[in-house]
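Asker: have a look at this fold, sequence not included:
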């Protein structure tokens, strides 16, 4: 067991998450493409005189100067902003609102007025030679079972161009990723053990996924900063996989302890490896050179916007889980619904159509399609094509309109899979209450003295799906009383 | 309300309703907001009304570093002249205060463009004024011409570079083309579309190629700037046949009705069309200019009485950017321009026609409209750009001794403003 407290262990997280909105300063579409680019442009970056007027040391020594960078683009999705051929447009409203929503969910204080900054980047990954970034909120917190973790800052920034190939010093970037909005969350070094690091990362992930963010590989990039007493801070990049988090942190502690034994204390930036180890990437960079984006006016966030966002904060999965429990949905079903983001989205849409029976909706989206597929011999995809979200919505509306009852749903679905037209499938042949009551009286007469459930079984055997079970039970009880 | 006792550059601590905040005050162009640079480097704004108390931790001291910038000269390097007039290419950002300041002396220019000074000796550098190009007028053009001429007539100087805002650079290029007579050496105008604080600024390549051209054997007034979206070469474009065509792209200047004079790389030139070669002797100056000339853009349905305003105001010449082959409403139609044009011409106003289309040549003979207008005495300026026509007409009318010669002078090819072949 590692005694984290004794080692003076400290850690903090930094997360970059792409938002699922148009590009931050151009409004261009924000998706990655793998088809053949329409054009390629060549650019160079050069040294820039810094504050003192003297060319920045770091910039001057950057090997990339005078190197040629190539940028691939598409006529229909890349704008002049990404090409550094036009000044930025005002910040994309949807992206700003999404980032602010994240900040509010993290209990942060937002800034009423802020300024978009240019952070000098000269590795060619930004056509402009800088990354635009804006600080929007500060000093929030997330809860973990080990105590609160304070959030230092929340920034909204533009993603860089992605490297397509790197051969013999010739770097080719693609402009599809450049300008995609990123929300950057940095915690204070409040994490006191590896388990808490993981818990905090998962918690932040959950909060992000409740907002309009992109999903999938490459859409979230996470770094962890780790130090033990006596050792400088080490930043480990590529810290995304929850399964490896504890191991990576513990390996780094080992490594730092070894360093200390050898009298080494120097921090740096390391690249996390799949086995939990890490490799040296570069020394810790100095503070980035930042200066105002002069092409944009001050960004006024405003009280009205914050109030509007606060009213519409999305629910976290933990909250939804509690709600579903209250509605009587079984634990297994809750897990199934929450497990798959696509199913979860579908569930959310359908539960808004028909909220009386959450169990029914949960079963429809999780279990039944598979069940019908194996019963009918059709493939799951074919079943899903027939029983799509739209069809489910119509069926739930039919319940609302009292055209069918909850107990009819399964029967309707089976008919649909058998190829029956929707309008015919929802025509449920109903036995009149009089007829049922008559039948009950006859059964009771022929076999008196049994329990209500037994009569129900016999009734069901006779009428099969045509019977509204709830109604029938009422009638049985009435007859028996 | 709290009385503020701080100024830009001061390190301060503010007390707000829920927190205290520390940072350096940055110049704010918004009166209601104090801009603060935080320790992280980020700037944030604080509405003045939110500041409950402020305390100056450290006052800003403008440390004037006595850096000795030695402008390196060497006998092996060729000499050029440099005229700096403002615009994006000569504006630096002061990140401490957040404002922009012009680069006004040689040493500062050298800090931003060290490469230029490695390649050549900047024997003479002058900064006659620092003006955004949209704020210039013909007096600025004359001043630039005077500075350029003086440098050109220094026997050591191979060529002169003028840095200038891009918005109206093509007007200045035209003016210099007419003002500088018997040109013996290259005169290169250049600009930038992306600010020079960024590593991606187009100023670098433009200036690099401008130097290459200034050292060439081509005695013409040219505008040098990005040829394409790429940072590989520039075009040298004839000063009288060039126009700004894009609000923001690097390759904003295009030649009209003519080929570029040359493709210019940082290290070589490929000439694409004929040019005057350098020769010995002195360049002369002819800066006569009339400020009573207008450039007027015709649109369908325009009431011609607008032209009477010019007459009343004492205008001597009007260039009308006409539609198609050279037309405005005429004949028996509502708002016909015939009688108004006739009256102006009769009153001695020189009326010239230039193509609204930019590309192609006017030809008044094809349609009856054109024939009627030509008969009124309008001077049809072939394929001359409207902006060039405006500058040229002002220059021609500035010459009192050319009275009666206005038509001849306007149609004489003085500085490559016509191209019979229209080859692009």
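Answerer: Thanks, I have it. Bear in mind that the values here come from a model prediction, so they are computed numbers and not experimental data.
Asker: please enumerate the helices of the stretch 201-350 of chain B.
Answerer: In order along the chain, the stretch 201-350 of chain B carries the following helices (DSSP state H, counting those that start in this stretch): B:203-214, B:306-312, B:338-346.
Asker: JSON lines for these, including distance to chain A and mean neighbour count?
Answerer: The way it works is simple: take the backbone N, C-alpha and C, and place the C-beta from them, glycine included. Output for these, formatted as JSON lines (distance: least, CB to the nearest CB, whole Å; neighbours: other CB atoms under 10 Å in any protein chain shown):
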{"stretch": "helix B:203-214", "distance to chain A": "5", "mean neighbour count": "26"}
{"stretch": "helix B:306-312", "distance to chain A": "34", "mean neighbour count": "14"}
{"stretch": "helix B:338-346", "distance to chain A": "41", "mean neighbour count": "17"}
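Asker: okay, these in a markdown table with mean pLDDT next?
Answerer: Written out in a markdown table, the entries for these read as follows (pLDDT from 0 to 100):
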| stretch | mean pLDDT |
| --- | --- |
| helix B:203-214 | 97 |
| helix B:306-312 | 97 |
| helix B:338-346 | 96 |
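Asker: the stretch 201-350 of chain B against chain A: which residues are in contact?
Answerer: B:201, B:204-205, B:229-232, B:247-250 (CB under 8 Å from any CB of the partner chain).
Asker: for ChimeraX, what selects the buried ones among those residues?
Answerer: Selection command for ChimeraX covering only the buried members of these, criterion 16 or more other CB atoms under 10 Å in any protein chain shown:
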select /B:201,204,205,229,230,231,232,249,250
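Asker: what's the most distant pair in the residues of the stretch 201-350 of chain B next to chain A?
Answerer: Taking CB to CB as the measure, those reach their widest spread between B:232 and B:247, a distance of 22.9 Å.
Asker: element containing the residue in the stretch 351-481 of chain A that chain B sits nearest to?
Answerer: Proximity to chain B, evaluated over the stretch 351-481 of chain A using CB to the nearest CB, is greatest for residue A:352 at 37.3 Å. Assignment of secondary structure by DSSP states H and E places residue A:352 within helix A:341-353.
Asker: residues in contact with the residue nearest the centre of chain B?
Answerer: Among the residues of chain B, residue B:169 comes closest to the average C-alpha position under CA atoms, centre = their mean, at 1.8 Å. Shown in contact with residue B:169 (CB atoms under 8 Å, 6 or more residues apart in numbering or on different chains): B:133, B:189, B:191, B:223, B:244, B:253.
Asker: possible to save the residues you listed as JSON lines with neighbour count and pLDDT?
Answerer: As requested, the contacts of residue B:169 are exported to JSON lines (neighbours: other CB atoms under 10 Å in any protein chain shown; pLDDT from 0 to 100):
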{"residue": "B:133", "neighbour count": "21", "pLDDT": "92"}
{"residue": "B:189", "neighbour count": "30", "pLDDT": "98"}
{"residue": "B:191", "neighbour count": "29", "pLDDT": "97"}
{"residue": "B:223", "neighbour count": "34", "pLDDT": "98"}
{"residue": "B:244", "neighbour count": "20", "pLDDT": "98"}
{"residue": "B:253", "neighbour count": "29", "pLDDT": "98"}
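Asker: now whichever residue of the stretch 51-200 of chain B sits closest to chain A. Nearest residue, chain neighbours left out?
Answerer: As assessed by CB to the nearest CB, chain A sits closest to residue B:199 within the stretch 51-200 of chain B, at 3.1 Å. For residue B:199, the nearest residue in space outside its immediate sequence neighbours is residue A:129; the separation is 3.1 Å by CB to CB, 6 or more residues apart in numbering or on different chains.
Asker: looking at the one you found now. What's its pLDDT?
Answerer: Model confidence at residue A:129, given as pLDDT, is 92.
Asker: do you know how far it is from residue A:155?
Answerer: The gap separating residue A:129 from residue A:155 is 19 Å, by CB to CB, to the nearest Å.
Asker: helix/strand/coil for residue A:157?
Answerer: Three states are possible here, and by DSSP: H, G, I helix; E, B strand; the rest coil the one that applies to residue A:157 is strand.
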